[in-house]
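no sequence for this one, just the structure:
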């Protein structure tokens with residue numbers, strides 16, 4: 001396959017390119033066009049991944065946003081709706097309207113709330129939530145009306161990739177919430193033993209990583225503290241907890257059957273291939289879980305063995321595309 005675009009992963013890789021070409025030989029090459037932020041490019045397109053993918057015949061080509069996409073390529077996999085309309089044979093990762101569904105925390109978790117996974121050796125739900133679109137002065141009344149319990153986690157309603165969209169606050173009293181700027185979502189804080197499960201989805205592959213999170217909040221602490229406290233993005237607040245010694249009742253991974261069912265249902269409902277689920281286990285229970293966030297195209301560089309997983313996923317997309325072609 002001829003490449004009409006500039007290969008964008010040359011940094012730190014020049015010496016191994018000839019070797020990679022020889023290893024690929026005459027096998028079909030897979031060209032992946034991409035448009036990523038500089039931050040996402042740095043975390044995802046790491047040299048080890050690019051080298052491994054190239055040895056499998058996969059090449060990443062940067063999409064020039066200043067040129068018409070139809071003049072670039074050809075691509076086997078790309079993220080652009082207009083291109084898909086002109087070239088239906090190209091696999092799109094993922095549809096823009098489906099991605100947009102995860103940019104709003106009100107719609108983000110609705111599919112989880114609608115699920116019934118009671119037959120999968122566990123229960124998955126969403127913390128009680130309240131959405132505030134404007135006028136924060138009404139928050140105390142709305143919280144009382146909804147019967148929500150303190151403390152509350154406050155998050156911006158819109159997730160647009162900026163640092164501000166991931167700012168989180170913990171409110172020990174409802175009156176301090178009037179200091180926040182709507183639109184926002186308020187979630188009841190669920191004690192979860194200070195541990196969060198990041199569940200990475202790449203097609204049909206599921207990987208689970210444990211991360212340290214906020215500690216439990218006791219009734220005594222709640223009665224002594226008030227105010228509004230800002231804390232860092234929970235999933236990035238600390239290093240992985242996979243190597244730490246943890247209480248097994250807290251650290252045990254969610255049941256595999258539960259994760260497979262949850263991931264499968266969300267893939268179908270969301271229409272997405274690449275996302276992750278932030279999940280917590282209610283403290284003191286074995287298999288009662290809550291999904292607190294869903295993120296599109298997360299930091300896969302932090303997922304174990306992501307080079308192999310992502311390469312296999314891209315190859316399977318192309319292989320499945322050819323399988324679906326009618327015999328000629």
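On my side now, so go ahead. Please read these numbers as outputs of a predicted model, since none were measured by experiment.

only C-alpha atoms from now on, for both contacts and neighbour counts.
OK.

neighbours of residue 202, how many?
Each residue near residue 202 was counted by other Cα atoms under 10 Å, and the total is 23.

would you list the phi and psi of the closest residue to it other than its chain neighbours?
Distances taken as Cα to Cα, 6 or more residues apart in numbering put residue 274 closest to residue 202, at 5.1 Å, once the chain neighbours are dropped. Main-chain dihedrals, residue 274, degrees, to the nearest 10: phi -130, psi 100.

cross-check the contact I'm expecting between residue 274 and residue 204.
No - with contacts counted by Cα atoms under 8 Å, residue 274 stays clear of residue 204, the gap being 9.6 Å.

more crowded one of these two?
Comparing residue 274 with residue 204 by other Cα under 10 Å, the one with more neighbours is residue 274, at 21 against 12.

buried sites along stretch 128-147?
129, 130, 131, 132, 136, 139, 142, 143 (16 or more other Cα atoms under 10 Å).

tell me the average confidence for it?
What stretch 128-147 shows for mean pLDDT is 89.

what comes into contact with it?
106, 148-149, 157, 174-175, 177-188 (Cα atoms under 8 Å, 6 or more residues apart in numbering).

can you check stretch 289-301 too?
With contact meaning Cα under 8 Å, 6+ apart, stretch 289-301 is reached by 40, 43-44, 46, 99, 102, 105, 108-109, 112, 122-127, 200, 274-282, 306.

thinking again about what came up before, so which of the buried residues of stretch 128-147 belong to strands?
Within these, residues falling in strands by DSSP state E are 129, 130, 131, 132.

quickly list what the first one is bridged to.
Going back to what we said before, that points to residue 129. residue 187 (DSSP bridges).

can you tell me how far it is from residue 270?
20 Å (Cα to Cα, to the nearest Å).

any weak-confidence spans in the stretch 1-150 of the chain?
Residue ranges of the stretch 1-150 of the chain with pLDDT under 70: 1-27, 79-91, 118-120.

that one: strands as residue ranges?
Shown for the stretch 1-150 of the chain, the strands assigned by DSSP state E, counting those that start in this stretch span residues 30-34, 58-62, 77-78, 91-92, 123-125, 129-132.

how about JSON lines for those, with distance to residue 318 added?
Converted to JSON lines, the strands of the stretch 1-150 of the chain look like this (distance: least, Cα to Cα, whole Å):
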{"stretch": "strand 30-34", "distance to residue 318": "8"}
{"stretch": "strand 58-62", "distance to residue 318": "11"}
{"stretch": "strand 77-78", "distance to residue 318": "8"}
{"stretch": "strand 91-92", "distance to residue 318": "8"}
{"stretch": "strand 123-125", "distance to residue 318": "34"}
{"stretch": "strand 129-132", "distance to residue 318": "41"}
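
ok, back up a step: which one among the ones in strands among the buried residues of stretch 128-147 gets closest to residue 241?
Nearest to residue 241 out of those is residue 129 (Cα to Cα; 27.6 Å).

so the closest one versus residue 301, what's the distance?
Residue 129 is 31 Å from residue 301, by Cα to Cα.

flag every buried residue along stretch 282-300.
Quick answer for stretch 282-300 (16+ other Cα under 10 Å): 282-283, 286-292, 294-300.
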